[in-house]
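Visitor: this one's structure only:
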């Protein structure tokens, strides 16, 4: 955040930076989530608050800066069944496929998956995947190898068969630069955007720019038929991790076990995800019960009507 602010404000003395400059800076963050922009602005306020305390400036110019309108960003989610099947069926077709498979079937964070070395970290006989370190980008674009996000980050995770099958015969890192080295952040973003575009093209049968223009689509339109609805693929990296958590919940994995597999220092996060999933399941179960009872009532009424037909009027003799 500080690097970004410095690059966009320019080489100005702190006493010469105005509220207008900072508002323009914050406005460039409108494409980010509300949470991220708030953290960015809090960081800037802290910098200028310290400058006021040290006597470098008389007032904090961030006091007059308003948070820009940001994109709506829903919370992380589990994958839909069709998304999960798409990722598993197409991992051989794109350079990012193995990364996606590993995050989805082992619950890894982005940085953890980027640092996995199959030769070193995957034991096919013991059926385990070991997380030893993580890749992060603390100073901008360049990758730095760290010990992980929490004290529990180093861990062993069960190697399930779909992931084992995908990783067999693949040496070294899961996802690299063209020269085989660690990925920079910008390179990772480009590759991930390319992967989402690949998934979207695969599931729809064409690139978005060709939607409605292919021979098959033109033939449908000529027959007066509607085009199949375009399926968008909007998967964030952390969604793979949430999906792993949901799968563990469905499998009945205890909270403490999943906490260890996901590398959380405590079970708070796991419990919040499990609580949300429990609520969603209760809502679905309630709808299922209502539908079942409605069917039962309909069946009972039909049976009663067939066994006890309504009175008929007999002409000339009354009922």
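Guide: Looks like it arrived, so ask away. Note that this is a predicted model, so its numbers are computed, not measured.

Visitor: all helices for the stretch 1-150 of the chain, in order.
Guide: 2-9, 19-27, 34-53, 81-90, 97-106, 110-115, 118-121 (DSSP state H, counting those that start in this stretch).

Visitor: can you lay out these as TSV showing mean pLDDT, mean neighbour count and distance to residue 146?
Guide: Just so you know, the C-beta spots here come from the backbone N, C-alpha and C atoms, and that holds for glycine as well. Below are the helices of the stretch 1-150 of the chain laid out as TSV (pLDDT from 0 to 100; neighbours: other Cβ atoms under 10 Å; distance: least, Cβ to Cβ, whole Å):
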stretch	mean pLDDT	mean neighbour count	distance to residue 146
helix 2-9	82	13	17
helix 19-27	90	16	28
helix 34-53	89	15	20
helix 81-90	96	16	27
helix 97-106	97	24	18
helix 110-115	94	23	8
helix 118-121	96	14	16
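
Visitor: nearest to residue 241, out of those helices?
Guide: Nearest of those to residue 241, taken as Cβ to Cβ: helix 97-106 at 6.2 Å.

Visitor: that closest one versus helix 81-90: what angle between them?
Guide: Per axes from the mean of the first three to the mean of the last three Cα atoms, to 10 degrees, the angle that helix 97-106 makes with helix 81-90 is 130 degrees.

Visitor: give me the helices and strands touching helix 97-106, please.
Guide: In this structure, helix 97-106 packs against helix 81-90, helix 110-115, helix 161-167, helix 237-250, with contacts taken as 3 or more Cβ pairs under 8 Å, 6 or more residues apart in numbering; DSSP states H and E.

Visitor: and the following helix or strand past the longest one, what does it pack onto?
Guide: Toward the C-terminus, helix 237-250 is succeeded by helix 255-262 as the next helix or strand (DSSP states H and E). Of the remaining helices and strands, those touching helix 255-262 by 3+ Cβ pairs under 8 Å, 6+ apart are strand 155-158, helix 237-250, helix 268-307.

Visitor: repeat that with 6 Å
Guide: helix 268-307 (3 or more Cβ pairs under 6 Å, 6 or more residues apart in numbering; DSSP states H and E).

Visitor: avg pLDDT for the helix it packs on?
Guide: In this model, helix 268-307 carries a mean pLDDT of 72.

Visitor: returning to that earlier point: out of the helices and strands packed on helix 97-106, nearest to residue 296?
Guide: Here helix 237-250 is closest among these (Cβ to Cβ), at 27.3 Å.

Visitor: can you redo the helices of the stretch 1-150 of the chain as CSV with distance to residue 182?
Guide: Shown next, in CSV, are the helices of the stretch 1-150 of the chain (distance: least, Cβ to Cβ, whole Å):
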stretch, distance to residue 182
helix 2-9, 19
helix 19-27, 30
helix 34-53, 24
helix 81-90, 23
helix 97-106, 13
helix 110-115, 7
helix 118-121, 14
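
Visitor: now tabulate the helices and strands packed on helix 97-106 in CSV and tack on distance to residue 285.
Guide: Below are the helices and strands packed on helix 97-106 laid out as CSV (distance: least, Cβ to Cβ, whole Å):
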stretch, distance to residue 285
helix 81-90, 18
helix 110-115, 34
helix 161-167, 28
helix 237-250, 14
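
Visitor: and the ones you listed: which comes nearest residue 178?
Guide: Using Cβ to Cβ, the nearest of these to residue 178 is helix 110-115, at 15.4 Å.

Visitor: list the contacts of that closest one.
Guide: Under the contact criterion Cβ atoms under 6 Å, 6 or more residues apart in numbering, helix 110-115 has outside partners 99, 102, 103, 131, 133, 134, 135, 136, 237.

Visitor: out of the helices of the stretch 1-150 of the chain, nearest to residue 70?
Guide: Nearest of the helices of the stretch 1-150 of the chain to residue 70, taken as Cβ to Cβ: helix 34-53 at 4.6 Å.

Visitor: can you give me the angle the closest one makes with helix 2-9?
Guide: Comparing the axes of helix 34-53 and helix 2-9 via the same axes, to 10 degrees yields an angle of 80 degrees.

Visitor: relative orientation of helix 34-53 and helix 19-27 in degrees?
Guide: Using the same axes, to 10 degrees: helix 34-53 against helix 19-27 is 150 degrees.

Visitor: just checking, what packs against helix 34-53?
Guide: Packed against helix 34-53, as judged by 3+ Cβ pairs under 6 Å, 6+ apart, are no other helices or strands.

Visitor: so how far is that helix from its chain's centroid?
Guide: Between the centre of helix 34-53 and the centre of its chain there are 27 Å (Cα atoms, centre = their mean, to the nearest Å).

Visitor: next: stretch 194-210.
Guide: Here stretch 194-210 is found 18 Å from its chain centre; the criterion is Cα atoms, centre = their mean.

Visitor: need the contact list for the one residue sitting closest to the centre of the chain.
Guide: Per Cα atoms, centre = their mean, the C-alpha nearest to the average position across the chain is that of residue 239, at 2.4 Å. By Cβ under 6 Å, 6+ apart, the residues touching residue 239 are 76, 77.
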